[in-house]
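Chemist: Everything below, folded, please.
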Amino acid sequence: MQQQDINIPKWTPQTLLSCDYKKLGPPSKVCETFKSHLLTSDKCLASILDILFLETGKTGIHDYSLQIDMHDFLQSDPVLANLLLRYPATLLPVLEESIVAAQQEIMKRVDSFYGIYNLQNSNANINVNTNTNTARNNIDTNIDTNINTNIRPTAAIKGQNATRVHARLVNLPPHSSNHKPSLSSLTSHDVGKILQLSGTVTRTSTVQMYESQRAYQCKQKKQKGKMTGCNAKFVVKADLQCSNNALCQPVKCPTTGCCGKDFEIIKEMNANGSIIGENNAIAKSDYQEIKVQESIAFSSRNSRTGAIPRALL
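Modeler: Now for the predicted structure:
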């Protein structure tokens, strides 16, 4: 225990600026810290309950969003919130895992509550039946207790079973690293960062489909008297920074020590329509492209006369 305390830095503003996310500890610990905030924040808890009891579609991959108020998060855990804004590519997936874990914790509490509730109602029902009241009162009470024991709504954990959940960071701190006054202030250094800016949506594309990930299996075969391939399964995710959200074909098996270059796409499906394989073999999603343009008021104040406002697709 003392060794763990030595490894944990004493957080000061200078330490926070010089440290990275690795100082937070293992991913499991970071996930627990995220989950603690989700379950203690009134806004997050209400949002989790909303998506928990939403109905899930019967086909396809369905996406759900959970808004995280960064103003509240910075007050509750300034260290983790600051590092989340600095390293979103690393910590956002951990935050989304914690959203699933928070839903599981809530479901345990709900199951426990309804278990006690139904037990109390069953005992009350027995007491009513053994009472010497009139038959009419007995019938009315039995009807009421039977109705009350069936009031539990159906819930499904989002982030599992052909669903995905995404963390959406809102109310970012008013700092130059996260807030941009206009599109003109964006630079190449802002790639990969969480930013908040103002503009006007001038165009939206039609709803399109893209394949966000695909599962492959390394084919094992005999070639020139030697066995190549390892039959391992792995998932390739689309690169959203490339044109048309390119889903690149694998050129080499990612398994250590395997040099296989022949792969087979996993397309098998269960009887209920779910895809066999780890992390959903194939994931397809709907998306839209939007074009955001600088507001005319800002452009007229900061640009020369007749200049076209900058836009971002």
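Chemist: what are the ranges of the helices in the stretch 101-250 of the chain?
Modeler: 135-148 (DSSP state H, counting those that start in this stretch).
Chemist: Show me what the longest strand along the chain is packed up against.
Modeler: Determined from DSSP state E, the single longest strand within the chain is strand 208-218. On a contact count with 3 or more C-beta pairs under 8 Å, 6 or more residues apart in numbering; DSSP states H and E, strand 208-218 meets strand 233-237, strand 263-265, strand 282-287. All C-beta atoms are positioned from the backbone trio N, CA, C, and that covers glycine.
Chemist: Paired strands for it, with orientation please.
Modeler: Sheet pairing for strand 208-218, assigned by DSSP bridges, gives strand 233-237 (antiparallel), strand 263-265 (antiparallel), strand 282-287 (antiparallel).
Chemist: List the contacts of Tyr287.
Modeler: 207-210, 245 (C-beta atoms under 8 Å, 6 or more residues apart in numbering).
Chemist: before we move on, what about Arg168?
Modeler: 65-68.
Chemist: Just after the helix or strand hosting Thr15, pick out the following helix or strand.
Modeler: When secondary structure is defined by DSSP states H and E, Thr15 falls within helix 13-18. Helices and strands here follow DSSP H and E; after helix 13-18, the next one along the chain is helix 27-40.
Chemist: ranges for the strands of the chain?
Modeler: Under DSSP E, the chain gives strands at 62-69, 163-170, 179-180, 196-197, 200-204, 208-218, 221-223, 226-228, 233-237, 263-265, 282-287, 290-293, 311-312.
Chemist: Least reliable of the ones you listed by average pLDDT, please.
Modeler: Among the strands of the chain, strand 282-287 carries the lowest mean pLDDT, a mean of 72.
Chemist: Send me that strand as CSV with only the CA atoms.
Modeler: The C-alpha trace of strand 282-287 is given here as CSV (Å, rounded to 0.1, in the frame of the first residue of the first chain):
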residue,chain,number,x,y,z
ILE,A,282,-19.1,-6.0,-38.6
ALA,A,283,-20.5,-2.6,-37.4
LYS,A,284,-22.4,-0.3,-39.7
SER,A,285,-23.6,3.2,-38.8
ASP,A,286,-25.5,6.1,-40.3
TYR,A,287,-23.8,9.4,-40.5
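Chemist: Tell me the bridge partners for Ile221.
Modeler: Careful, residue 221 is Lys and not Ile. Thr228.
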